[in-house]
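>>> Take a look and give me a structure for this.
(2 chains)
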Amino acid sequence: MSDLFKRLLLLKQAPIFSMVATEDLRMVAGSLEQEHFYSGDRIFEINDQGDHLYLLVSGSVGISIDPDPNSRNFIATLGPGDCFGEMNLLDDLPRSATAHVLEDSVVLMLDKSRLRGLILSYPEISIGMLRSLSLRLREANRVALTLETPSK
Amino acid sequence: MKTIKELLLVREGESASVLYFLSFFLLVSAGMAIGRGSADALFLKRLGIEYLPLMYMIQALLLAMVCLMYAAFADRIIAEKFFRIIFATLALLVFASWVAMSLSNSTLIYPLYYLTYEVASEILLVHAALYMNQNMTTLQAKRLAPLVFAGAQTGAIIGGLLLAFAAPLLGTHNLLIIWCIILVAGLILISNWHRKQGPSTHFRAPHRSHNIIRESARQINQGLRYTRSSDLLRAASFALFFMVIAFYILCYSVHRIYLQTFETEAALASFFGILTAVTSTIALLTQILVTNRVIRRFGVRRVNLLFPWTTLVALSTLTASFTLPAALLGSLNKDALMPAFRNPVRSLFFNIIPAYMQGRARAISVAVVLPSALFICGLLLWIMQGMDRPEYFLVPGIAAAAMYLYFSRNMNRAYASTLITTLKEKLFLPDKRLYSALNGANKEVLDEITTGVAHQDPDVAIAFAHLLTGSFPEQAAEMLLKRVDSADTATADQLLGLLADIDLTDYREKLHAMAETRDTHFHATVVRLLAGQQDSSYLDHALQLLENTNPRLRAAGIHYVLHHQEPVKNPDYLVQKWLDLLQDSTHTCQAGFTLIPDLPLLGPQHRETLQATYRGLFIKMLDTDSEDTYLWALHGLSHWKAELPDDAYPALSRALAHENPEIRTAAAKCLHLEGRHSRTPLILRATADSHPHVRQAGVNSLKAISSNFAEKVHHLILDNKVPIRGQFALLAALEGSGLPKAGFEELATSKAREAGQIQDAVQVLKDAEKSSSTTGMLVRLVLEERLEQTIQLALMALEPLHEPGIINIIRAGFSSRDERHIANAGEALNNLEGGHATKLLQQVLTGLHDSQGSRHVPAFNSMTEVIEWCTAHADDWLQQCARQFLHQSTTANAHV
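Purely as a prediction, here's the structure:
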């Protein structure tokens, strides 16, 4: 039970699930698979066909958008509680970044097709996800406006 | 410090910005007080009051021109930048005036300086309000505007005192330098603040245009059009028009008295300084201690009438006695009560106009309404001042004040509806009434639907066919049968299904001919459609179908015979054919299940034989891994009329937890069946399902088993006997169920109260250290979700009590997560008639628990109390989380 609660909190921290009700997230939490990665591994590479979302339970992961997957020029370094690879849950485009494991890490993975199945069965999950996306869009618009305004 | 903040209604994180706005307005007002006193004294003494009406007329024309320019730029340039431009220009003009006064003896400079002050003061007043709006929400403005305006009053006091003491010492005209210095200080302050804090939060720049002149004309035109279409702005414009006339007649009158009373220029300037200091002190104390409490206590609308009333009284007093005490009363009205009540309230009224129109609307007021009123006032005084008795200009002033009062009442009426309209526009909510207006509408609508039915895309055609049968049933048969001819078989089958409740007597021949033109599925659909009509002419064909090898056609034949052969000539034969359907493969059984609703048409003996066979089949089929078989069994069961087999209950319970929503829906449709087990817990579980179809099926089952559905649901929601999602589904079903309005009110009040409780619980958890554990955080998260849901539920319960759509818009405002919309939604709610529930909700929604006169007593004092409350709550999930928290805490303590 405690493990379920931890997973729920992790999911709730992920921006894409932030507006999904906790009781609906129980279904998603039950579908997460745990995986260990070791320092030096790459969880995925740029242009890979992505099929999972990742939640970092422990360890550290660096994200690089360099076309060369060997590049360690990170645009972000992620720590426990961070979520990555979520864009691929909804689109079928190749990965836009490479995820390098910087420290031994425990990761929870959510399979894209499993999530799609859950969405069909429990539509409130998708409504929550849409609300999360809408919130992010509003925020992005706000930031865009703020960036635009000082020049006037 | 905390007590001071609470007293001044300043919230966490607002201190710095409140301090800035306070200082900024203090500086601006101090400068304006000096400008005003010096301009009045210099003009009145060096030129004479007889020119004042002329000044009003010139001022009106100047204002119109300057404000037209302002209107063109107000919404386009961020407010702080505009302020910087105004300050720099004004500082230059004031400095130039001082130089001219010092070096030249010409009297022309005094009216010029007077006009500079008057025009600048109007622009600054309007722009200050716009600046506030770009930095605060409606509710923030409502709370903080009086405090910020109080800063302005402090500035006026300081400016007034400076004027009173410095005028005799330095000479009135040298005070211009002080004003100039203050303007530069204001310029530095505003620039520094925005360099550190970034631009105004709520500024939204419109698209740029290359042709500013054309653009400004377009914007002013837009403002005027908006004024015509907005009840609020129209009433506000008329109110302003008459207020200006009354106000300037009051100004002229008191100036005449002061000019007669004080002989020298320095004495008059000094008096103006003292008068400004005194009236500003009164205004300040009123703003700090009275204004926002009065606004909260009596509401924006009542306070909006205060200044019109006092203006009427002030002018009446002057008419009765044209003396110094009456003049002082008039000055008190215009210089103390106006800034204390009228200005903050007017700012709140403007705040509810759509943001993109606010600047233009204000500018139209100042560029069109104010100048025209001022010009008329000046003309009136110019003509009247030659007459001996002051009543000649005071009586029109009283009439103007009365009209001001009248239009202020109209403004109040338009306030709430404008709030709703603004929210609706911003949230892009479609109006449900538009859709309902379709039903039974005119020929154009029918033509549109006809085109839709003829659409090549089957889904579009079927959607329009639904609309057609619902709104034009008389035309539906002919149009749909025509469309069937050109449709593929699957679509034709669905279209025919829509005609089940329509009289098809005139189309009998066509249907007979149509029956065997396509596949057996279509044939069976036609036979079933004919069976539902008052026509037995297909009986011979139907009897032949009993021998057909296709189970679907055989079942359709049995169905037809049962409905049209009275009595059935060979029931044993018919029942045997029926039993054959149930004893073959599962596929054949599916056809047999479609006959369940026909069981009552049989005699008791045959019926019992078939029912026993069906029971056996259900049990067998529900104990399978095949989703299809399971689904068919549940579909069959949903038509069952007799008592439910005992073994079916565990299967239904399992089905409700199935991942396939179709299975959950089918299970929920069976829950109306009577049996030895209680059906209610399963039904309530279904009403809270994640899938809307399952929820609806659960609600329908509850309706089917309840003799008094409305009363039962009312209690279920009131006592939280259903999970929160189920409460939404049931509440939606309550509309039109006959529950009296008082019932909805009771639900809304109860949910609003509960929301307050949850809000307190969330606050306790936020403050508690222990809540940082995993389970503690989860309990908090669940409570936060419940808070939002309970608020939405309370609002939903209010829907039947108000005009259609209004609560929906308010709900959307709250869901938007945009603080401006939330603030407007809160204000709209506050203005709804609706007793206790709306007040409670408003308190919860705006977090105003602590701000009212009466202190809020929290529902919980400790985290233990919150967790106890959660574990005793009827909400399963909340209970589960709280229990886990308790379990974790106990384990942790044991380890310690």
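>>> Any chance of the backbone angles for the residue of chain A found nearest chain B?
Using CB to the nearest CB, the closest approach of chain A to chain B is made by A:Tyr122 at 3.7 Å. C-betas here are computed from N, CA, C, even on glycine. Note on A:Tyr122: backbone dihedrals following degrees, to the nearest 10 are phi -130, psi 80.
>>> How about the contacts made by it?
Contacts for A:Tyr122 (CB atoms under 8 Å, 6 or more residues apart in numbering or on different chains) come out as A:Asp24, A:Met27, B:Pro661, B:Ser690, B:His691.
>>> now with 6 Å?
A:Tyr122 makes contact with A:Asp24, A:Met27, B:Ser690, according to CB atoms under 6 Å, 6 or more residues apart in numbering or on different chains.
>>> Same check on B:Ala704?
If you count contacts by CB under 6 Å, 6+ apart, B:Ala704 has them with B:His672.
>>> just to revisit the earlier point, nearest residue to the residue of chain A closest to chain B other than its sequence neighbours?
B:Ser690 (3.7 Å; CB to CB, 6 or more residues apart in numbering or on different chains).
>>> Equivalent analysis for B:His691, please.
Leaving aside its chain neighbours, B:His691 sits nearest to B:Pro661 (4.1 Å; criterion: CB to CB, 6+ apart).
>>> pretty sure that neighbour contacts A:Ser121?
Yes. Using CB atoms under 6 Å, B:Pro661 makes contact with A:Ser121 at a distance of 5.5 Å.
>>> re the thing from before, now, which of the contacts of A:Tyr122 lie within helices?
Judged by DSSP state H, helices contain the following of the contacts of A:Tyr122: A:Asp24, A:Met27.
>>> Turn the contacts of A:Tyr122 into TSV, columns for pLDDT.
Converted to TSV, the contacts of A:Tyr122 look like this (pLDDT from 0 to 100):
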residue	pLDDT
A:Asp24	91
A:Met27	90
B:Ser690	89
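>>> Kindly indicate which of the contacts of A:Tyr122 lies nearest B:Ile398.
A:Asp24 (65.9 Å; CB to CB).
>>> correct me, but the closest one touches A:Ser121?
No. Here A:Asp24 lies out of contact with A:Ser121, judged by CB under 6 Å, at a distance of 10.6 Å.
>>> For the two, work out which one has more neighbours and name it.
A:Asp24 (21 against 18; other CB atoms under 10 Å in any protein chain shown).
>>> got the contact list for that one?
With contact set as CB under 6 Å, 6+ apart, A:Asp24 has these partners: A:Tyr122, A:Glu124, A:Ile125, B:Ser690.
>>> Turn those residues into CSV, including distance to B:Ser638.
Formatted as CSV, those follow (distance: CB to CB, whole Å):
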residue, distance to B:Ser638
A:Tyr122, 22
A:Glu124, 24
A:Ile125, 26
B:Ser690, 20
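>>> Determine which two of these are furthest apart.
Maximum pairwise distance among the contacts of A:Asp24 (CB to CB): 7.1 Å, between A:Ile125 and B:Ser690.
>>> And the pLDDT for the residue of chain A closest to chain B?
Listed pLDDT for A:Tyr122 reads 91.
>>> And B:Trp640, by the same measure?
B:Trp640 is given a pLDDT of 78.
>>> Equivalent analysis for B:Ala355, please.
For B:Ala355, the model assigns a pLDDT of 60.
>>> ditto for the one 10 residues further on
The per-residue pLDDT reported for B:Ser365 equals 74.
>>> how much space between it and B:Ala402?
20 Å (CB to CB, to the nearest Å).
>>> and if you look at B:Leu240?
Distance of B:Leu240 to B:Ala402, computed by CB to CB: 15 Å.
>>> okay, those two: which has more neighbours?
Neighbours per residue (other CB under 10 Å) separate B:Leu240 from B:Ala402, with B:Leu240 holding more: 22 against 15.
>>> Report the contact partners of the more buried one.
Contact partners of B:Leu240, counting by CB under 6 Å, 6+ apart, are B:Ser365, B:Val369.
>>> Where does it fall, secondary structure wise?
Taking DSSP states H and E as the definition, one finds B:Leu240 inside helix B:231-261.
>>> after that helix comes which helix or strand?
helix B:265-285.
>>> Figure out how far that following helix is from the centre of its chain.
Centroid separation for helix B:265-285 versus its chain: 44 Å, with CA atoms, centre = their mean, to the nearest Å.
>>> Check which helices and strands it sits against.
With contacts defined as 3 or more CB pairs under 6 Å, 6 or more residues apart in numbering or on different chains; DSSP states H and E, the packing partners of helix B:265-285 are helix B:15-46, helix B:138-170.
>>> Can you list the buried residues in that helix?
B:265-266, B:268-284 (16 or more other CB atoms under 10 Å in any protein chain shown).
>>> Got the phi and psi for the residue of chain B most remote from its centre?
Distance from the C-alpha centroid of chain B peaks at B:Asn570, with 66.6 Å (CA atoms, centre = their mean). Main-chain torsions, B:Asn570, degrees, to the nearest 10: phi -130, psi 80.
>>> same question, B:Gly743
The phi and psi torsions at B:Gly743 (degrees, to the nearest 10) take the values phi -60, psi -40.
>>> Retrieve the pLDDT associated with it.
For B:Gly743, pLDDT reads 89.
>>> Run a quick neighbour tally on the closest residue to it other than its chain neighbours.
What sits nearest to B:Gly743 in space, not counting adjacent residues and going by CB to CB, 6+ apart, is B:His714, at 5.3 Å. Neighbour count for B:His714, taken as other CB under 10 Å: 21.
>>> Then B:Leu92?
As a burial measure, B:Leu92 scores 12 neighbours (other CB under 10 Å).
>>> and the next element down the chain from the helix-or-strand element of chain A with minimal mean pLDDT?
Lowest on mean pLDDT, DSSP states H and E among the helices and strands of chain A sits helix A:87-90, with a mean of 78. Next along the chain after helix A:87-90, taking DSSP H and E as the criterion, comes strand A:98-111.
>>> where does chain A have low pLDDT?
A:1-2, A:145-152 (pLDDT under 70).
>>> just the helices in it please.
A:2-13, A:22-29, A:87-90, A:112-121, A:123-148.
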